[in-house]
Structures are given as C-alpha cells and as structure tokens.
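*Asks:* build me a model from this:
(chains A and B)
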Protein chains: 2
Amino acid sequence: MTMGTGQLSSLLLQGYEGRIYPIHPEEDTVLGLRAYRKVSELEELPDLAVIVLPTRIVNQILEECGGLGIKAAVVISGGFREVGEAGAKLEKELLEIAVKYGITLVGPNCIGVSNFHIGLNTTYFPYEQEAGSVAVISQSGTYSCHIYTYAEKSGIKLGQTVSIGNATVLGISDYLKYFADDPSIKSIAVYIEGISNGREFVEAAEYATAKKPVVALYVGGTGYGARAGGSHTGALAGQDELYEGVFHQSGIIRANTVEELFDWSWALATQPLPSSDRVCVLTNSGGAGASMADACGRAGLSLPRLSEETQEKIRELLPGTASTINPVDMTFHLNFADLLKTVPEILFESGEIDGIVMYGIFGTHIFEVFRDGLGDLFKFPVEDARPIIRGLVEGFTRFPDDTGIPVIVSTFMGPEDEEIAFLRSNDIPVSPSPERAVNAMAALCRYAEYRRSL
Amino acid sequence: MTMGTGQLSSLLLQGYEGRIYPIHPEEDTVLGLRAYRKVSELEELPDLAVIVLPTRIVNQILEECGGLGIKAAVVISGGFREVGEAGAKLEKELLEIAVKYGITLVGPNCIGVSNFHIGLNTTYFPYEQEAGSVAVISQSGTYSCHIYTYAEKSGIKLGQTVSIGNATVLGISDYLKYFADDPSIKSIAVYIEGISNGREFVEAAEYATAKKPVVALYVGGTGYGARAGGSHTGALAGQDELYEGVFHQSGIIRANTVEELFDWSWALATQPLPSSDRVCVLTNSGGAGASMADACGRAGLSLPRLSEETQEKIRELLPGTASTINPVDMTFHLNFADLLKTVPEILFESGEIDGIVMYGIFGTHIFEVFRDGLGDLFKFPVEDARPIIRGLVEGFTRFPDDTGIPVIVSTFMGPEDEEIAFLRSNDIPVSPSPERAVNAMAALCRYAEYRRSL
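*Replies:* The predicted structure is shown next:
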C-alpha cells in the first residue's frame, strides 16, 4: 500500500463531504474516484492540494498548483532539509514558490492535517470516533496520526491535528495562533523536538495561553532525545532548562510523556478551572485512595482536612469503617447514590475544596460478566439496576458545569462498562490509573494559576 | 449483591475444579450448590475456609473450623484493628484461635486470594484471561482484584494474588518467601501502605530478590498517602527516605505508580536480564524514537552510538532518510522483514547493545479497517500479508530467549491488532507508550545490576 493510497483511504473513510479529485499519471480511477492526469484538467479550483509525490517533482507540481490559483497545500513528501544540502536547496525553492503564489503550505516531510469536524483526514490512519475539542500540533507524524488509536482507546476526542513536518512556511507559532482563535478548539497539545525561533514562539504561546490551555511535550531535553529529534525534522533541539523557562514564561503546561500530553489536554479541554489547588480524593477503595492522596502530595496539590461539620454530614451516610478526613474513603459500599450524589453534593457545597479526583464508578458490566457466566444462578437484577445507575451517573456528569468545580475520574475498567463509556462521552476525563487522574488535576491547577496571574 | 455472593460467583466462574461447600444459615442451595447449615455438617474436611460474615461471629466460626481440623482460612470480614480498640481486641482473639489450632490465616479485612493456575479466585472480581507468572501481594484489596481488569487490558498475565488485609497471622514477609519458592512465579509485585516489622521485611525481601525480582509500590511516603493508608488497614506508614533505603538495601525495585508496578513486573517476569544498561532504540517513527531516546536519558540508561561497521550494515537495508546512530529510525517503511528480522539480527549480533526498546510493530488491523470501510475499492492483499507478517513476528518473539537480550515493545495499538495480541501472549511486554517501554527496560537493568552485586 502506498502512502497516497493510505491517505486517500483515510479521507474516504472519514466521510469527507467535499469533492475529492485524485491526480494520477496513469490510472483512470483511484479508489473508485475518477482520476485526472494533471491538476490543470480539473473542472474547478480545489481548496486544498495534498501532494504525495517523489521529491524531485514536488516543486514542479506546486508551481503548477500555484499557477492555477490553488491557495493551500499539504506536502507529505520528504527528502528536503532533513536529508542534507541538496534537500535544503529544494526546500528553499519550495518556499519561494509558496511565497510567489501566496500558498499556505503545511510540511513538507509531514503526515498531513485532519479536521474531524468536517471529516477531513489526510493522514494514513483512520480516526474512528466523534470529533472533539483537543487540537494537536506535532513535529512528529506519529503523534498526529498513530495517536488516533490511542485517543480512541482512552476516550479522548480530537478536533484537529497537524503534522508540521519541516515547517517551511507555517510553523508551530502559526498553528498556535490559529487554534487559539478557533472556537471549536478548547485545548492545544503540542509535541516539540526543537524550536527554531524562540521569540516568535513565546509571542504565539502567550497569545494562545491567554485564551486557552496549551500543553507541550518537549523531547530534546536530554542529549539522547536531541540526537533522535535532530535527525528527524531538522529542527534545532536545545537545552532542557531553556525550554523549561520558555514554557513557564509563556504559560504552557509542560508534560513529560505522551500520556501526560493527552491526559492533560483532555482534562483542560473539558473541565472548569479550579479556584485553587484544594483537592478532595473521593473513593470506595482504600488502595486507590492512598495512591491518589500520595500523588497529590507529590504533585504539590493541597489535600485539606475537611471541617468537622462536613465530615459529620458525610459520616451520617457511610458505614463505620469509612474515612472522612480527606481522602473520603467510603470503603467497599454498593450504594451508588452515596458515591455519585449525596456525598459529592456535600463536598461541592462545602466550599472547602476546588477539585475532586475520584475512584470507584462502575456500571453493570461486572454483573453482566457474572450473569453471562453463571446464567440463571446469578440473581442480581442487572436490568433493574441499569437505569438507576445511569440516572445517578448522568447527574454526576453535570456537577462540573453546575458547580464550576472540576472532576476527574480514575478506573481500571474501560468502555466495556457502559457507565465508563458514558462518562467519557459526556466530557468527564477518565484516567486509567489513580496517579494519572491526580496529575491531570494538577495540570488544571497550574493552568488556572497562570490565568489568575495575567 | 452481597460480598459472599460475589466471591462465590468468581470462584464458580473461574472454573475451580475442587469441591466447594457453601455454608448458609437459611438457604438450601447457594448459586446452585447444596448449602450446609454448619461447617460441622460437611462430609469431608475442606482444605480452605473462606469466611465472609458479620464481624461479631467471625471468631466463633474460626474456632469451629479450627476445632474440626481445618488448617487454612481466608477471613474477608473487616471490623477488626482498623476500626479501633474493640476491633483490636477481637483481632487479638482471632490470632489466638489461629495459633491454638495452627491455622494458616489470610486477613482479616481483606479481599481474598487467587491462584489462577488452579482456577481458585476468592475475590469478587472475575479474571478472564490465562494464568501467568506475576504474583501480587497487596495491602489494598483493590490492587489485588480490580486490577484483574487492568491486567487483562494490558496483556499482563497474573499467576497468584493475595490481599493481605490486617496481616494478623501472615504478613508481607511470609508471602514474599512463599512466592520466592513457588516455581510458577517469575516476579512479585507488592503494594505497600506500611511495614510493621522492618527487619523481618528486609530478610524476606533479600531472600526473595536473590531468587526473583520484586517490584514495590509504596504510597505512604507523603503525609497525604500516609493519612489515607493509615485509616485503611491499620498499617504503620512512615518516612519516604526510610522505605527508599529499605527497598534499595534489599534489592527491591521501587515503582512510583500502579502502572509502573505492573509494567515492570511484567517485563521482569518475561525477559532475560540485560548484561549492562546499553540500550538500542529501534523505531519506524521519529517521534516515538525521540520519546524513547529522551526517556533513556531521563532513566539513566546508556544509548551508545553504534559502531560505523554496524551502522553500515543497517544503512544497506534502509532508505536514505533513515537514521542509524541509535536510535535506529527506519522512518516510515513498510518492509516488515527489516523491522522484525534483518535489522534486529544485526543489532543482536553486534555485541554493542544489551537491550532493545522498539516502536512500530503492527499487523493487519489497520488494513482491515480500510477494507471494511472501503470494500472492494481497497486492493491491499490483507489475507496474503497476514501469514507473512505472522511468520516474522513469531521469529521476533524468539529473540530474547535465543540471544539472552531483553526486548520491550511499545505501541498505540491494542490487541485488536492480531500481532500485538500475539506479542503479548508470547511473553513480549507491550507498552502503551514509548516512555513506559523505556522505564520497564530501566527496571530490568536495575534488577540485573542488583543481581550482579550479590
């Protein structure tokens, strides 16, 4: 399968509703679409040219596109600056052509762009879930397309992605400003191997972070990361401390791993910002509660002791083995109403906390496993429980909007459990581990602090 | 659903082949099994009593069991030391009964034990995959049963688990020694909220780590974690540095998160130990390669430049855009044989590296997605490719055994891709992110270093 076939396949699969014109030197049809020999044979001027060709003819084709009046192009092909002097010369020509015709150009040496709100996916990876509000700007192609699978598994809905490639015309700063102004985007995830123009970057980042959160993963910090990145898109990697300073100054939240990049972007895209770092850990499992509490300590979050008054209200609802100081540990307790409604209400109304990280929500999946395995022997009324649990979970998902207090849930279950799936699709970030839920809350707190400082 | 019903359901679902006798004061049958009114009515002496009863009658029933000659019991019921003075008194009595009759006792205040090799699962969570070689010792019930779901999703096969509860008779040290001597267990994951007898623990840990790897997650290190843990199983939590020292001295690899605990235990259970920390990053994605290289730097691993000779051999196989220094970045290149066979062979034979972390393996899943969506338009011969890829992946999974060099794979795909599923079930650890693959390799290196120091 060629790259071009993969990319056109994605575009078709994504359900793009605009018109698509394959250009192919020999074929009459490509993937069922009528193919044209040349761009000049098209009956209308396309909005966008996606160029996947041998390096040596890319410039000539771009020249043709420009001459016809095409104003936007994505150049997938590599073989430019990243391969040495001859490539750098070609790239200079490419730039000159783009400037001459005023072409807005993504790439070259990139994987493409996607806008899932309009079914546009020019990468070779399918994206199989609904569009969301996280934008991705990436110096790596992988992190702007392989990541679709990761996002689906995690429940993170992406809005738009761009693989910036060699950034010959448009660079990170341009994309930052673009997504800052796009109302469909609520948070921006950026993968960085190196920044070529520091001042421009800081200005763009400050512009963006004043409007919406930006999370960045920078991998050039160690010598090894720089060695890898340097050979990849030709970007200049540099000292870790320098980047740390740039991110801090411009209000960017720095992630250290791909998982953090997406966990945090998800939380920042969906949750209200906390007024301070006073967090409550709510759990029905002692172990998960202890892990979350410990992670709060490590992340520098405050886990205030709840007032006697608030603790007393909670104690009235819970068994004697429960703990109410904070973590609020209900212990193993199958009363879903306490976990999802009565105890959270007390916490949200207390005025003592500004964010909740939680462990313990599940729906009827485990009961279904038992029922499927044991048949009639298993008497628990799964079908009766289902609407009751759903009603409670539905109410729970409204808390962040209603109270302005963010919530992040952690679980070891996945979307096979219908309530976990429901939480995800109703904008409650669901973390696969207790510690990651806390670290996402910490990211919310850090960005909130930056916004307060403006 | 009561706890007892849940636990018996798990036991039945797990396919335990021994005989099960429910004891119930009123019911004639429980989940299809004939129920007995009293332990004394049983026709044979059970090997194990699992006690899930109101606290006030637990001791009386254990006394009955002991009197009849039952030598092993799991007490699930809580309400002992963890709830205060009256409970502590009951727990003292429980201990005296166990000592009097020589009962090997797990708990109280625990979730139970599992041994998947014999279909024994006394927790209330089903475990739905084959048995493996990782043992779990946990001071939290959640981390010895909710974690089954997590393990299944991740591909980590567990062998046995024990929720230690209040550790009245058997404690962490006993379980460490037990699993150290059990040949079905290759690595031991321990979740710790607090250790009550430091000297005994160090002795047991040293005994265990001389035989097999032990990974521990300790959450009492921050004041917050200690606050949570203290209220949970009554264990004494203490200073982080103290535990750090104990772990270091006794050769335990310390994890900081639940994910690390299981990632590392998996790698340690399945991979040979590296001779040193010289790691090679092999990738067909620049981004994932840079992330892995950066993570090597952060984890203190060495990423040696490959010799000119070795680089030359690799260069002959790869496109001009590839990078061969280390990371070896093949760039987007659909020749599976190079990724899975020819390049790895050069690396394994080079004598220049002692471990490989890798990104880029996938099977035919993505092609199937295209085919399902595009039908006959999609011409790639998926069915022809499948056996070729499988043959290569099969060969790849034999490298660790054949060469004594460990391999860890990272991917954003899951077991929906048949080759990812194949890797997992053939003892190649598959990490959901590039950084986690590297950190698991670092855990292998650290344990190998400890073993060399003995």
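*Asks:* next to chain B, which bits of the stretch 151-300 of chain A? Give me the list.
*Replies:* A:153, A:191, A:193, A:217, A:219-225, A:227-229, A:231-233, A:256-259, A:281, A:285-298 (C-beta under 8 Å from any C-beta of the partner chain). From N, CA and C alone the C-beta is placed, and that goes for glycine too.
*Asks:* take those and keep only those in helices.
*Replies:* Judged by DSSP state H, the subset of those located in helices is A:153, A:223-225, A:227-229, A:231-233, A:258-259, A:286-298.
*Asks:* need the contact list for the residue nearest to A:D47 when sequence neighbours are not counted.
*Replies:* Among residues not flanking A:D47 along the chain, A:A72 sits closest, at 6.4 Å (C-beta to C-beta, 6 or more residues apart in numbering or on different chains). With contact taken as C-beta atoms under 8 Å, 6 or more residues apart in numbering or on different chains, A:A72 is in contact with A:D47, A:L48, A:A49, A:I103, A:T104, A:L105.
*Asks:* A:I51 versus A:A72, what's the distance?
*Replies:* 11 Å (C-beta to C-beta, to the nearest Å).
*Asks:* what does the one helix or strand A:I408 maps to rub up against?
*Replies:* Per DSSP states H and E, A:I408 falls inside strand A:407-410. For strand A:407-410, contacts defined as C-beta under 8 Å, 6+ apart pick out A:267, A:271, A:288, A:292, A:355-359, A:361, A:396, A:399-400, A:423, A:428-434, A:436-438, A:440-441.
*Asks:* restricted to helices, list these.
*Replies:* Those of the contacts of strand A:407-410 lying in helices (DSSP H): A:267, A:288, A:292, A:396, A:399-400, A:423, A:434, A:436-438, A:440-441.
*Asks:* out of these, who has the most neighbours?
*Replies:* A:M292 (35 neighbours; other C-beta atoms under 10 Å in any protein chain shown).
*Asks:* which residues touch that residue?
*Replies:* A:V281, A:T283, A:P327, A:V357, A:Y359, A:S410, A:P434, A:E435, A:A437, A:V438, B:A228.
*Asks:* can you rerun that using 6 Å?
*Replies:* Contacts for A:M292 (C-beta atoms under 6 Å, 6 or more residues apart in numbering or on different chains) come out as A:V281, A:V357, A:P434, A:V438.
*Asks:* tell me the one among these nearest to B:F367.
*Replies:* Minimum distance to B:F367 across those is 37.0 Å, recorded for A:P434 (C-beta to C-beta).
*Asks:* verify the stated contact: that closest one with A:A288.
*Replies:* Yes: using C-beta atoms under 6 Å, A:P434 makes contact with A:A288 at a distance of 4.6 Å.
*Asks:* chain center to the strand holding A:I408: distance?
*Replies:* 16 Å (C-alpha atoms, centre = their mean, to the nearest Å).
*Asks:* who does that strand pair up with?
*Replies:* strand A:355-359 (parallel), strand A:430-431 (parallel) (DSSP bridges).
*Asks:* which regions of the stretch 301-450 of chain A sit below the pLDDT cut-off?
*Replies:* Applying pLDDT under 70 to the stretch 301-450 of chain A picks out residues A:333-334.
*Asks:* make it 80
*Replies:* Applying pLDDT under 80 to the stretch 301-450 of chain A flags residues A:320-321, A:332-334.
*Asks:* how about the residues of it by chain B?
*Replies:* Within the stretch 301-450 of chain A, the positions adjacent to chain B are A:303, A:321, A:323, A:327, A:369-370, A:373-374, A:377, A:380, A:412-413, A:433, A:435 by C-beta under 6 Å from any C-beta of the partner chain.
*Asks:* out of those, which is most surrounded?
*Replies:* In these, the most neighbours by other C-beta under 10 Å go to A:P327, 32 neighbours.
*Asks:* in a strand, A:V279, correct?
*Replies:* Yes: assigned with DSSP: H, G, I helix; E, B strand; the rest coil, A:V279 falls within a strand.
*Asks:* compute the number of surrounding residues for A:D294.
*Replies:* 33.
*Asks:* any idea how far B:G221 is from it?
*Replies:* For A:D294, the distance to B:G221 - C-beta to C-beta - is 6 Å.
*Asks:* I'd like to know how many residues surround A:Q249.
*Replies:* By other C-beta under 10 Å, 11 other residues sit near A:Q249.
*Asks:* tell me the spacing between it and A:E203.
*Replies:* 11 Å.
*Asks:* try A:I23
*Replies:* Taking C-beta to C-beta, one finds A:I23 at 38 Å from A:E203.
*Asks:* please identify which of these two sits among more neighbours.
*Replies:* Comparing A:I23 with A:E203 by other C-beta under 10 Å, the one with more neighbours is A:I23, at 23 against 15.
*Asks:* number of residues surrounding the residue lying closest to the more buried one once chain neighbours are set aside?
*Replies:* In this structure, A:I23 finds its nearest non-sequential neighbour in A:Y36, 5.2 Å apart by C-beta to C-beta, 6+ apart. Using other C-beta under 10 Å, A:Y36 has 16 neighbouring residues.
*Asks:* ok, A:V258 next?
*Replies:* 28.
*Asks:* now do A:A448
*Replies:* 21.
*Asks:* repeat that for A:N284.
*Replies:* 26.
*Asks:* ok, now A:R452?
*Replies:* Using other C-beta under 10 Å, A:R452 has 10 other residues around it.
*Asks:* what helix or strand is it on?
*Replies:* helix A:434-453.
*Asks:* what residues does that helix touch?
*Replies:* Helix A:434-453 is touched from outside by A:213, A:251, A:253, A:263-264, A:267, A:271, A:273-274, A:277, A:279, A:288, A:291-292, A:295-296, A:299, A:301, A:355, A:357, A:359, A:406, A:408, A:410, A:431, B:257, with contacts defined as C-beta under 6 Å, 6+ apart.
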